[in-house]
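Undergrad: model this:
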Amino acid sequence: MTRGFRFIHAADLHLDSPFRGLSGLPDGLRERVKASTFTALERLVDLAVREQVDFVVVSGDIYDAKDRSLRAQLRFQQALETLAGHGVPAFVVHGNHDPLHDGYSAKLRLPDTVKVFGSDAVESVVIGGRDGEPVARVSGISFGRSAVTDNLTPGYVRHNDSLYHIGILHTNVDGDAGHDNYAPCSLRDLTRGQVDYWALGHIHSRRVLHERPWVVYPGNLQGRHVRETGPRGCYVVDVASGGETQLRFQPLDDVRWEVRELSIAGLETEQQLKDALEEELEAACASADGRAVLARLSLTGRGPLHAAMRRSGWLSGLASALRESGGEAVWIESIEDRTGAAASREDLAAKPGFLGDLLRLASEAGESSERLSAFAEEALAPLMGQPQLAALLSELGPEEWAAWLQEAEELAIDLLADGSGSETGWSE
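TA: Model (predicted):
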């Protein structure tokens, strides 16, 4: 290798994402949410300039859809021009959301410092540093169409030129169930020595799958829904002259999703619950460092307040009151009731009778993800004959089934157990 260098690894910008399902937001917060992907992009550019990086890598899904908006394309062009004005090249691949040859793509002029990799074969280029001396090699390939099902890793080869080799790839490593299995490959495919740093995209959670060689997902720049919680951003990567590599995560999001869990155990009154939830929201705002917070509150545990929560309109009324007091710094997306009656589930499950049998059956069904999947498949089979329901159910997995199973257990306890913890009927 020659001298050391620094670059930014970003992916899954999803510019101009529509953020559906957020009705009721205050006007100012709604506009902030709609602009958040662009704000994150601006912060990415500012970071590159501030950190004096040698180049920026973007690993696919710059846009949210193949029919990308003109606004998004112009904003990305502006970002690339700003980088070019500061002497920062950019290396870009397209992914399944924004394939290179599918959908609407405006005919825009990009700076000469931008390399957009084609989709026919893996291309490789040598990067010169600010002093013009070669510092690294970057290889990449874009998706030409949305559904790429081939393993693209065989196209990445070692060039034996002593340069640090970065491979940009939009892929699903080892079949992550939470994402479409596009350009599938295995971790073993990526650790055969052909590349020093795999700059991956497609998976929206931040992950370092391997070191030396580095196999890295930076996650997306801006969370778009409640399943994308916590800080979102990019990696600043420092490579020393000997090839030693250090990663530093940098948050770039402007709106942060949070799921806050609170147990009702020990809470006796509605006022105590309201006070505890307000403390949770204050903590979420403090940890967000000035960002707007969209929060889902998940109530758990057992206690006397469970009965009140089952009253019609009770949770929505609580959510409305908290929204009014939160202003535009924090917004309650929803309040989720996962609480149970004060009765002991374990005691009820140990007793003979219909309710005990039911709770024991539920425990057995939830012992492992395999048993839960088999149980759910059998229970939901009558619904799978309806195409629309089948499509919706196919998107669910063990996490949702476990939540449904728990909710069914609590409903059974509510209906079949009295306040003393005894079954109301069907006992043997």
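Undergrad: the bottom helix or strand of this structure by mean pLDDT?
TA: Least confident helix or strand of the chain, by mean pLDDT, DSSP states H and E, is helix 387-393 with a mean of 84.
Undergrad: give me the element residue 371 is part of.
TA: Element membership for residue 371 (DSSP states H and E) is helix 369-380.
Undergrad: Kindly format the C-alpha coordinates of that helix as CSV.
TA: Included here for helix 369-380 are C-alpha records, laid out as CSV according to Å, rounded to 0.1, in the frame of the first residue of the first chain:
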residue,chain,number,x,y,z
SER,A,369,-39.3,-20.3,16.5
GLU,A,370,-39.8,-23.6,14.7
ARG,A,371,-42.7,-24.8,16.8
LEU,A,372,-44.2,-21.3,16.7
SER,A,373,-44.0,-21.2,12.9
ALA,A,374,-45.6,-24.7,12.6
PHE,A,375,-48.4,-23.6,15.1
ALA,A,376,-49.0,-20.4,13.2
GLU,A,377,-49.1,-22.2,9.8
GLU,A,378,-51.7,-24.6,11.1
ALA,A,379,-53.8,-21.9,12.8
LEU,A,380,-53.7,-19.5,9.9
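Undergrad: how close does residue 219 sit to residue 251?
TA: For residue 219, the distance to residue 251 (C-beta to C-beta, to the nearest Å) stands at 10 Å. Backbone N, C-alpha and C define where each C-beta goes, glycine included.
Undergrad: shared neighbours, the two?
TA: 232-233 (C-beta atoms under 8 Å, 6 or more residues apart in numbering).
Undergrad: Between the two, which has more neighbouring residues?
TA: Taking other C-beta atoms under 10 Å, residue 219 and residue 251 do not tie; residue 219 has more neighbours (25 against 17).
Undergrad: Show the model's pLDDT score for the more buried one.
TA: The score at residue 219 is 98. That number is its pLDDT.
Undergrad: for residue 130, same thing?
TA: We have a pLDDT of 71 for residue 130.
Undergrad: and if you look at residue 412?
TA: For residue 412, the predicted pLDDT is 88.
Undergrad: Name the helix or strand for it, please.
TA: Here residue 412 is assigned to helix 398-416, by DSSP H and E.
Undergrad: Return the list of helices and strands in contact with that helix.
TA: The contact analysis (3 or more C-beta pairs under 8 Å, 6 or more residues apart in numbering; DSSP states H and E) places helix 398-416 against helix 345-350, helix 354-365, helix 369-380.
Undergrad: any chance of those helices in CSV, with mean neighbour count too?
TA: Listed next are those as CSV, based on neighbours: other C-beta atoms under 10 Å:
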stretch, mean neighbour count
helix 345-350, 15
helix 354-365, 16
helix 369-380, 14
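Undergrad: got CSV for those, with mean pLDDT and distance to residue 297 too?
TA: Compiled in CSV, the helices and strands packed on helix 398-416 are given as follows (pLDDT from 0 to 100; distance: least, C-beta to C-beta, whole Å):
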stretch, mean pLDDT, distance to residue 297
helix 345-350, 87, 22
helix 354-365, 90, 25
helix 369-380, 89, 25
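Undergrad: closest to residue 233 out of those?
TA: Nearest to residue 233 among the helices and strands packed on helix 398-416 is helix 369-380 (30.8 Å), distances taken as C-beta to C-beta.
Undergrad: what is the orientation angle of that closest one with helix 398-416?
TA: Orientation note: helix 369-380 sits at an angle of 60 degrees relative to helix 398-416 (axes from the mean of the first three to the mean of the last three C-alpha atoms, to 10 degrees).
Undergrad: In terms of secondary structure, what does helix 369-380 contact?
TA: Counting contacts by 3+ C-beta pairs under 8 Å, 6+ apart, helix 369-380 packs against helix 354-365, helix 398-416.
Undergrad: and the angle for it with helix 354-365?
TA: With the same axes, to 10 degrees applied, the angle from helix 369-380 to helix 354-365 works out at 130 degrees.
Undergrad: got the contact list for helix 369-380?
TA: With C-beta under 8 Å, 6+ apart, helix 369-380 has contacts from 364-366, 393, 398, 401-402, 404-405.
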